[in-house]
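Visitor: can you look at this prediction? I've put the sequence above it.
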Amino acid sequence: MATTVRTSQAPTSSQDLRITGESMREYLPGDAQTFTPRLEIKDVVIQLFTHRSVIEPILVPAVVEPLLVLVLAGAARVEERLPGGAWEAAEVSAGDFFLTSSDEPYEMRWQTYGGDTFEVMHLYLGLPLIEQASRELLGEHAGAVRFRDVSGARDGRVAYVMEQLRTELVGERLPSALFVRSLAQALAVHLVRSYRAETRPGRRVNALQAYKLRKVTDAMSADLAAEFSLAKLARLAELSEYHFSRLFKRATGLSPSQYFIRLRMVRARHLLLETRLNVIDIGLEVGYSSPSHFSQVFRREVGVTPSEFRGS
């Protein structure tokens, strides 16, 4: 695990900017702790920050994944606003959390209390985890889940699970990727149960309609061994390939091909953990005739090879 000092690189324009959770440390000031690639599971991204007071506002990009922030130590007055809007303030201390699921960048500033710094933990849950929790709780045909934005609240379950994740990754000599993912799945279920937002009329009007999104993602899930076909999916959505790709990404944060790969990896992880199929057969079941290609894609998406994941 390495500790590096990061300075804010956030742009002052581009309101459409959206990034992945892994990239957030490039946009925030302060000392950021990162973890070795072996433990960076694609759908569970954890970062630890030590922050000093920030007087000048920083622009925080919108992220693809829902963002949870837990205050680990210290206290601060945290202010947030949409660019040009009114500031909203929250007094926070250890145990408080934030949940952000915004499509838009926002501005932040903070003032520490009783010391020079306060410590926070960022947790990004990948869309496949949220999708899995949504299907279990809301049914196979539930629409895409949106979360309420929460600032400076208390939730014992959120704090407990996030502390367990930190202990596993930081305190254990041999952290378990399986245990980390199990904790993240439990947290995804809790978030869907407790913090799902009511659908607002007009929200995400430029995104793919929910019933079309479900139709397309169901088709993807039903035949993960098939070759990816943008044309076929666009026909299902009754759109041109260009408009389908654009609206799909607006709805999910991922391109259709990226989403398809994520679904394949979710299925592959399940088969690795729950069956005795060998790695070659699992690769074939999720569309990879070449074992080396399957291993390469799995490592890129999950952080370890299929064999390492099964043995962790």
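Guide: Right, received. Where do you want to start?
Visitor: residues touching L123, list them.
Guide: By C-beta atoms under 8 Å, 6 or more residues apart in numbering, the contact set of L123 is 44-46, 67-70, 162, 165, 184, 187. To be clear about C-beta, it is placed using only N, CA and C from the backbone, and glycine gets the same treatment.
Visitor: out of the residues you listed, who's nearest R264?
Guide: Comparing these against R264 with C-beta to C-beta places V44 closest, at 17.6 Å.
Visitor: and the closest one, what pLDDT?
Guide: We have a pLDDT of 83 for V44.
Visitor: distance of the nearest residue to it once chain neighbours are set aside relative to I58?
Guide: Closest residue to V44 apart from its sequence neighbours, by C-beta to C-beta, 6 or more residues apart in numbering: A184 at 4.5 Å. Per C-beta to C-beta, to the nearest Å, A184 is found 27 Å from I58.
Visitor: more neighbours, the two?
Guide: Neighbour totals were compared for A184 and I58, and A184 leads with 24 against 17 (other C-beta atoms under 10 Å).
Visitor: give the buried residues for whichever strand or helix holds the more buried one.
Guide: With secondary structure defined by DSSP states H and E, A184 is part of helix 177-195. Of the residues in helix 177-195, those buried by neighbour count under the rule 16 or more other C-beta atoms under 10 Å are 177-178, 180-181, 183-185, 187-189, 191-192, 195.
Visitor: which single one of these is nearest to F118?
Guide: Top of the list for closeness to F118, among these and by C-beta to C-beta, is L187 at 22.3 Å.
Visitor: any idea how far I282 is from L183?
Guide: Computed as C-beta to C-beta, the L183 to I282 distance reads 24 Å.
Visitor: just the helices in this protein please.
Guide: Taking DSSP state H as the test, the helices found in the chain are 127-138, 156-166, 177-195, 210-222, 230-237, 241-252, 256-274, 279-285, 291-302, 306-311.
Visitor: what pLDDT does the model give the residue nearest to V44?
Guide: Model confidence at A184, given as pLDDT, is 92.
Visitor: now do the contacts for the closest residue to I280 other than its chain neighbours.
Guide: Excluding the flanking residues, the one nearest I280 by C-beta to C-beta, 6+ apart is P291, at 5.2 Å. With contact set as C-beta under 8 Å, 6+ apart, P291 has these partners: 279-280, 283.
Visitor: neighbour-wise, which of the residues you listed leads?
Guide: Taking other C-beta under 10 Å as the neighbour criterion, G283 ranks highest of these with 25 neighbours.
Visitor: list the contacts of the residue in the chain sticking out farthest from the centre.
Guide: If you look at how far each residue of the chain sits from its centre, by C-alpha atoms, centre = their mean, the farthest one is G114, at 32.2 Å. With C-beta under 8 Å, 6+ apart as the criterion, the residues that contact G114 are 74-75.
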